[in-house]
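K.L.:
the following block contains a protein sequence and its predicted model.
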Amino acid sequence: MEPLDLTPDMLLRAYAIGVFPMAEDRDDPDLFWIDPRIRGVIPLDEFHIPRRLRKSIRSNRFRVTFNRDFEGIMDGCAESTERRPRTWINDKILTLYTALHRMNHAHSVEVWDGDRLVGGLYGVTLGSAFFGESMFSRERDASKIALTHLVARLTFAGFRLLDTQFVTKHLQKFGAKEVPRSEYRALLAEALNHEADFFHGYSDGEIIGYLDGLPSEK
């Protein structure tokens with residue numbers, strides 16, 4: 001593939017047709033289009049929580065925020081760790097998605113232990129679709145808790161599609177599944193025909209009630 005010279009507007013148009021960019025690794029200056037033959041999604045009405053995670057959620061050990069530290073979340077996702085020595089997030093990705101955040105098309109979920117950022121995720125919104133990009137944890141369960149709060153917000157806000165790009169064993173525990181490209185594009189088209197407001201607010205009581213009402217891992 002030829003390297004891409006992307007702008008934020010071009011990136012949004014790419015998401016609208018079902019493709020997204022990645023880099024080979026952190027130090028590679030180039031980006032390439034990805035259009036998976038098999039796509040990962042989490043049907044919002046089939047989302048469930050691993051039993052063990054419920055204890056972490058109810059412990060109130062962590063504090064969860066939205067869009068409080070987008071750049072900190074991107075930096076965390078781009079970190080090289082012992083478990084993840086390579087990352088696909090290069091400087092161009094950091095710049096492009098920070099620009100999308102300023103355009104209110106990219107959002108973050110932060111998980112805090114006191115004043116320390118210990119995990120979270122970020123993604124892109126378009127219509128009523130949320131495209132999950134990456135997540136990280138510096139403490140056990142931090143990224144998982146971020147995901148549960150993301151799903152609560154997407155549900156309350158009227159989103160129709162949660163795109164995970166690929167499916168991992170980690171995501172399968174929450175109901176992620178693979179769909180062929182043709183089915184994904186139909187889901188995407190439906191989601192783009194509707195609007196959803198990521199900034200839709202909800203109370204702590206609503207989020208607790210929602211998470212308590214979710215089924216456990218099947």
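P.N.:
Structure's in. What do you need? Residues are numbered from 1 along each chain as shown.
K.L.:
show me the contacts for Thr125.
P.N.:
By Cβ atoms under 8 Å, 6 or more residues apart in numbering, Thr125 lies in contact with Asn104, His105, Ala106, His107, Phe131, Phe159, Ala196, Phe198. Using the backbone N, CA and C atoms, a C-beta is placed for each residue, glycine as well.
K.L.:
can you give the distance of whatever helix or strand it lives in from its chain's centre?
P.N.:
Using DSSP states H and E, Thr125 maps to strand 116-126. A distance of 6 Å separates the centroid of the chain from that of strand 116-126, by Cα atoms, centre = their mean, to the nearest Å.
K.L.:
buried residues of that strand, list them for me.
P.N.:
Residues Leu117, Val118, Gly119, Gly120, Leu121, Tyr122, Gly123, Val124, Thr125, Leu126 are the ones in strand 116-126 that count as buried (16 or more other Cβ atoms under 10 Å).
K.L.:
residue contacts, Tyr184?
P.N.:
Contacts of Tyr184 (Cβ under 8 Å, 6+ apart): Gly18, Arg39, Val41, Asp163.
K.L.:
from the residues you listed, which is closest to Met74?
P.N.:
Of all those, Met74 sits closest to Asp163, with 18.2 Å by Cβ to Cβ.
K.L.:
quick check: the closest one vs Gly18, distance?
P.N.:
9 Å (Cβ to Cβ, to the nearest Å).
K.L.:
neighbour-wise, which of the two wins?
P.N.:
The neighbour count for Asp163 versus Gly18, taken as other Cβ atoms under 10 Å, is higher for Asp163 (25 against 19).
K.L.:
need phi/psi at the residue nearest to the more buried one when sequence neighbours are not counted.
P.N.:
Counting by Cβ to Cβ, 6 or more residues apart in numbering, Phe131 is the residue found nearest to Asp163 once chain neighbours are left out, at 4.6 Å. Per-residue torsions, Phe131: phi -100, psi 100 (degrees, to the nearest 10).
K.L.:
neighbours of Phe66, how many?
P.N.:
17.
K.L.:
ok, now Phe199?
P.N.:
The tally of other residues near Phe199 (other Cβ under 10 Å) stands at 10.
K.L.:
much appreciated, bye for now.
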